Each structure stands twice: as structure tokens, then as C-alpha cells.
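Asker: fold the following.
(one chain, ligands or ions: 1)
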Amino acid sequence: MTQTCFLEGRGDVGEWRDAARRFLLAGVKPGEIDWRLCDEEQGLFGARGVDAGDSPRGHGENEQVARPISVPPAFLHLAEAVVCHADPGRFALLYRLLFRLREERHLLEVKSDADVVAAHRMHKSVGRDYHKMTAFVRFKEMPLPQGVAGRRRFIAWFEPDHFIVARVAPFFQRRFNDMDWIIATPRGSASWDGETLRTTTEPADKPDIRDETDELWRTYYASIFNPARLKVKMMMTEMPKKYWKNLPEADLIPGLIAGAEARVLDMGRRQASEPLPFHHRLQEAAAHLPPDAPAAEVGTIEALRQEARHCSRCDLHCRATQTVFGEGAVDARIMIVGEQPGDQEDLAGRPFVGPAGRVFDEALMLAGIDRQRLYVTNAVKHFKYEPRGKRRIHQRPNMGEVQQCRWWLTREIDLVKPKLIVAMGATALFSLTDAKDRLEDVRGRPIVMDNERTLFVTVHPSYLLRIPDEGRRAEELARFREEIRQLGRWAV
Ligand code: URA
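Answerer: Numbering: from 1, shown residues only. Next up, the predicted model:
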């Protein structure tokens, strides 16, 4: 006999999990449950069915004594993403998988199974939606009332395909930690006030947020648009037209694409230029502590960071804006080591805040690892680049530079004392071990080092961004995310 189960179904895995657990313990078969979403009427008059919290009717002889149900962690990970999908069939699909997993422990590895394929497709779609939201949310500043002092406030509107707001909110909390913000969407909203991250599942109305800052944004967008890197097809995939209506720069795009070829030729004619005219002033400011900043206690990571501000162990400090030192928990169990800061990190003075940082943050998010509990640093602390036009093109640090900078990395390791050190890419691996192994030979598994620390090697996230073939990029990205997920057990 069919039983109806009403769920709110707005991305909360706990709601589905509790209901599913009860059905499973009562021996209810997948075909016997009609999973429904509570619309308002059903919410009020839901007595016809089973609410997510009610006990289902079981099968007598099949009923089991309540006991924990063990499922592979990969299923939980999958379910957390799939419940965010907007497809009404997601709950039935997950229950079918759960039910089958009792007999087929390795079901999730059967890549040709129709249920597994469907769940992975939903997972992927939720991941894509997440990525789009991190890329296309545009904040508008809401001025404080006259005479009122306080943190700056921002608001944004976004239209996700799925119920991802709660999933993506911690990303915005980390990225925009020093301002108050609200992100409103038709599938729930999130807000941050410097202390509390709040999310709701209520649909929001679109606020009217067009104002003169749009013009500023458009000017900025046109100035950073790089015609030499224009890949129209890729751009359309990455920025589908449906997002354009909420982007102030959207109507510039066709014109910029049309003029791109001429601008590339022009760029080629121009000489390589020096960094920004006021660059030396930025460098000067970054090298010294502000006069009122307290000196850190000797022997701490903060003291090391202050010392590193005027590092001149190699020539890279001459052109970089500032030393980009490690950051994060000073007693972190996991230390992440990248290669060197990129363009955005050089300007912000923080590691992994640019495009590679976004890939890394997403992998952490999917793995349920809080970046603030890690210590994130680089093998080399200054940005190495070649000026080309007004752009600064990343250059790989050489062995000498890595060896000079190892002095800082070794001290960071001594002070933080991580249980696990993660080398992202070959430069980090070389800095940590002097080894020039192929990453492929050593990646993806813990390696005990001579000093009894454990090393884990994975690829550098920038490598993923450079893979031209979309299919291979998706595969490599999934592999990277899986490797980051493995770090979870060292985090606790
Ligand atoms: N790449 C790195 O290796 N480190 C950063 O901080 C940014 C990009």
C-alpha cells in the first residue's frame, strides 16, 4: 500500500534522511512511498499522508528494531548534493539507492546503473549551479543612513536553478567576511552580519537594486576584459545567457566580443609595461607594519609573518607587491601548500583568493571542510610574473627561489605542527621533499615522511583551470575533489 510522505524539500538533507531512515527501518519498499513536496495546502491539511517526522506503517515481519543504519560516506556526500536538486523525483531516487545499498554495498561504483547515473547527473548539476552562484552574484552597496557608523552593507539578487543557498552561503561568508550582506533568491536567502550566518528557505522577492554603481561596475568590467583570452564558446558555457539579466555588464559583452580581434592586435604592438605607477608606494606600505600595530610575541606565527614582510631572500620581492604569507588556524591539523601567490593574491596579500582559490574553496566546500580550520600557504611567498602590456603573466618559480623560500615554509611547519601536509602541485612537492616525482606516481594517498609527518599530494588547482578539453577537465576536477574529500578524516 502506498504511503505519502510530505517534505519541504528545500535542500535540507536532514529532513529527507530522517524520513528515509524511518521508512527503511519499517521495511517500506521504494515503490510504496509517494514523496511529495508540502505546498501550503498540503502543509495545512497534510493529515492524509505521513509528515517527514511521523512514523510510517511498516510491514510487520520486516520491521526492524531501531538501530543506526550504516551507509557508505560517498552516499551521504551524494545525498547532500542531490537533495538540493529541483527535480521532484530526487527523494524517490535517493531512497531507491539507499534501499538497494543494503544488499548492493558497491552499488555507487557501478557507473552504468541507471539510478547511480541519475544521481551523479543531479550532483553535477547542483555543483554547476553552485559554481555559477559564486561567479555571478553581484553585490550592491546599501548606504548607511546619514550619521550612522557601522560596517558596510551589501545586497545581491540571484536566481539559482536548485536549492543551493545554504550550501553556498559559507563560501560567501569566507569571501566577504568583513562586510554585512544579504543574498536574496527565489529559493531562499542568506545573510551575514559579521557574527552569524543565517539562511532561510523562504522565497524572496526581487529587490530593486539598479543604481549608479552599475556604471562603475560596467567601466571596471570593460577595463579588465582581456580580448587575448576571449573564447566565446567557453564564455557562453560559463556564463549562460539566463544569468545576464541580473548582470550590469551583460549588455557590454556583444560589443566587447566584436572588438576583441582589433584589441588583441593592438596589445601585441604595445611594449611590455612596468607595473602600476603607484606600485612602489604599495610595496613600501606592505613592507612595514602600520605605526600603531602591536609587535607580535616572539616565536609565534604572527611574528614570523611580520618578519616576512621585508623578506629579500631572493629577487622576487623587487617586483611583487607584497609578501603573501600563510594564513589560517595556527594549530591547524592540516597545512596546505601551493606554489606561489598569483596576481590577485599579490594584490590582496592573502593566499588562494583568485581563480585557483575558487576551485580549492569549492572542493573544500563539497568535502565539508572548513577552510578556517586549515593553514594555507605557498612554497614561494612572492608573485613571480612577466609584465605583458598591462597584464602580469604568471611565471613558475625556479629551484633557487623555491629553496630560498623554503626557509619560511620550514618555520611555518615548525610552528603550526600540522599532522598532515598537503602539497598541491609539483613545486610544493619539491619544496617539501626535494623530490621531482611525477605527481601521477605519488598523488592521492598518504605518505609518511622521515619526520613522521604525513604528506598528501594532489594537483594544483590552476592546472585544472588550464585543461582545454571540457570532458577531461570535469574528470580531473572530480578526481581533485575526491582527493580533497579524503583530507576530511585528518581535519577532526
Ligand atoms: N596559486 C598558488 O599556488 N597559490 C596561491 O595563493 C594562488 C594561486
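
Asker: residue 362: what's it in contact with?
Answerer: Neighbouring residues of residue 362 by C-beta atoms under 8 Å, 6 or more residues apart in numbering: 127, 130, 131, 134, 171, 481. All C-beta atoms are positioned from the backbone trio N, CA, C, and that covers glycine.

Asker: and for residue 165?
Answerer: Residue 165 sits next to 11, 183, 185, 187, 188, 189, 190, 199, 201 when contact means C-beta under 8 Å, 6+ apart.

Asker: likewise for residue 190?
Answerer: Contacts for residue 190 were tallied using C-beta under 8 Å, 6+ apart; they are 165, 166, 168, 169, 172, 182, 183, 197, 198, 199, 200.

Asker: contacts for stretch 427-436 next, please.
Answerer: Defining contact as C-beta under 8 Å, 6+ apart, one finds that stretch 427-436 is touched by 337-340, 378-380, 396-397, 399, 402, 405-406, 409, 421, 423, 426, 437, 439, 442, 449, 455, 457, 460.

Asker: rewinding a little: buried among the contacts of residue 190? Make that a ChimeraX selection.
Answerer: Here is the ChimeraX command that picks out the buried ones among the contacts of residue 190, judged by 16 or more other C-beta atoms under 10 Å:
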select :165,166,168,169,172,182,183,199
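
Asker: show me the contacts of residue 190 that map onto helices.
Answerer: Those of the contacts of residue 190 mapping onto helices are 165, 166, 168, 169, 172, per DSSP state H.

Asker: which two among those residues are spaced furthest apart?
Answerer: 166 and 172 (11.4 Å; C-beta to C-beta).

Asker: tell me, what residue is most central in the protein?
Answerer: residue 362 (2.1 Å; C-alpha atoms, centre = their mean).

Asker: which strand or helix spans that residue?
Answerer: Take DSSP states H and E as the rule and residue 362 turns out to sit in helix 355-367.

Asker: hmm, that helix in reach of the ligand?
Answerer: Yes. Looking at helix 355-367 against the ligand by C-beta under 6 Å from any ligand atom, the contacts come from 356, 357.

Asker: adjacent strands (with direction) for the helix or strand that comes right after that helix?
Answerer: Counting by DSSP H and E, the next helix or strand C-terminal to helix 355-367 is strand 375-378. Pairing partners of strand 375-378, with direction, according to DSSP bridges: strand 327-328 (antiparallel), strand 334-338 (parallel).

Asker: burial count for residue 24?
Answerer: By other C-beta atoms under 10 Å, the residues close to residue 24 number 20.

Asker: so for it, what's the pLDDT?
Answerer: For residue 24, the pLDDT comes out at 93.

Asker: measure the closest residue to residue 417 other than its chain neighbours to residue 301 for me?
Answerer: Using C-beta to C-beta, 6 or more residues apart in numbering and skipping residues adjacent in sequence, the residue nearest residue 417 is residue 331, 7.4 Å away. Look at residue 331 and residue 301: by C-beta to C-beta, to the nearest Å, they are 10 Å apart.

Asker: neighbour count winner among the two?
Answerer: Using other C-beta under 10 Å, the more surrounded residue of residue 331 and residue 301 is residue 301, with 21 against 12.

Asker: was I right to think that one contacts residue 413?
Answerer: No. Look at residue 301 against residue 413 with C-beta atoms under 8 Å: they stay out of range, at 10.7 Å.

Asker: work out for me the element the closest residue to residue 122 other than its chain neighbours sits within.
Answerer: With C-beta to C-beta, 6+ apart as the criterion, residue 122 has its nearest non-adjacent residue at 4.2 Å, and that residue is residue 85. Using DSSP H and E, residue 85 sits within no helix or strand.

Asker: surely residue 85 meets residue 124?
Answerer: No. Taking contacts as C-beta under 8 Å, residue 85 lies outside contact range of residue 124: 9.9 Å.

Asker: those two - which one has more neighbours?
Answerer: The neighbour count for residue 85 versus residue 124, taken as other C-beta under 10 Å, is higher for residue 85 (27 against 14).

Asker: over to the more buried one: give its phi and psi.
Answerer: Main-chain torsions, residue 85, degrees, to the nearest 10: phi -70, psi 150.

Asker: and residue 96, how many neighbours?
Answerer: Neighbours of residue 96 under the rule other C-beta under 10 Å: 19.

Asker: looks to me like it is in a helix.
Answerer: Yes. Assessed with DSSP: H, G, I helix; E, B strand; the rest coil, residue 96 lies in a helix.

Asker: quick one: it and the ligand, what's the gap?
Answerer: The spacing between residue 96 and the ligand, counted by C-beta to the nearest ligand atom, to the nearest Å, is 42 Å.

Asker: contacts only, for that residue.
Answerer: Residues near residue 96 by C-beta under 8 Å, 6+ apart: 30, 115.

Asker: could you do residue 71 as well?
Answerer: Residue 71 is in contact with 98, 101, counting by C-beta under 8 Å, 6+ apart.

Asker: would you mind measuring from it to residue 469?
Answerer: 34 Å.

Asker: quick revisit: from the ones in helices among the contacts of residue 190, pick the one nearest the ligand.
Answerer: Of all the ones in helices among the contacts of residue 190, residue 172 has the smallest distance to the ligand: 19.6 Å, by C-beta to the nearest ligand atom.

Asker: just confirm that closest one contacts residue 182, I think it does.
Answerer: No. At 10.2 Å, residue 172 does not count as touching residue 182 under the criterion of C-beta under 8 Å.

Asker: quick one: the spatially closest residue to residue 376 that is not a sequence neighbour from residue 91, how far?
Answerer: Counting by C-beta to C-beta, 6+ apart, residue 376 lies nearest to residue 336, which is 4.7 Å off, once chain neighbours are set aside. Taking C-beta to C-beta as the measure, residue 336 and residue 91 are separated by 36 Å.

Asker: could you check how many residues crowd around the closest residue to the ligand within the stretch 1-150 of the chain?
Answerer: Residue nearest to the ligand within the stretch 1-150 of the chain: residue 134 (16.4 Å; C-beta to the nearest ligand atom). Here the number of neighbours of residue 134 (other C-beta under 10 Å) works out to 15.

Asker: do the same with residue 454
Answerer: Applying other C-beta under 10 Å, we find 15 residues neighbouring residue 454.

Asker: and for residue 402, the neighbour number?
Answerer: As a burial measure, residue 402 scores 21 neighbours (other C-beta under 10 Å).

Asker: cool, and residue 487?
Answerer: If you count neighbours by other C-beta under 10 Å, residue 487 ends up with 21.

Asker: and what of residue 170?
Answerer: The number of residues packed near residue 170 is 20, by other C-beta under 10 Å.

Asker: show me what whatever helix or strand residue 344 lives in is packed against.
Answerer: Using DSSP H and E, residue 344 maps to helix 343-348. Packing partners of helix 343-348 (3 or more C-beta pairs under 8 Å, 6 or more residues apart in numbering; DSSP states H and E): helix 355-367, strand 391-394.

Asker: could you redo the last one with a cut-off of 10 Å?
Answerer: If you count contacts as 3 or more C-beta pairs under 10 Å, 6 or more residues apart in numbering; DSSP states H and E, helix 343-348 packs onto helix 279-287, helix 355-367, strand 391-394.

Asker: and the last one, what's buried?
Answerer: This means strand 391-394. So, applying 16+ other C-beta under 10 Å, buried residues of strand 391-394: 391, 392, 394.
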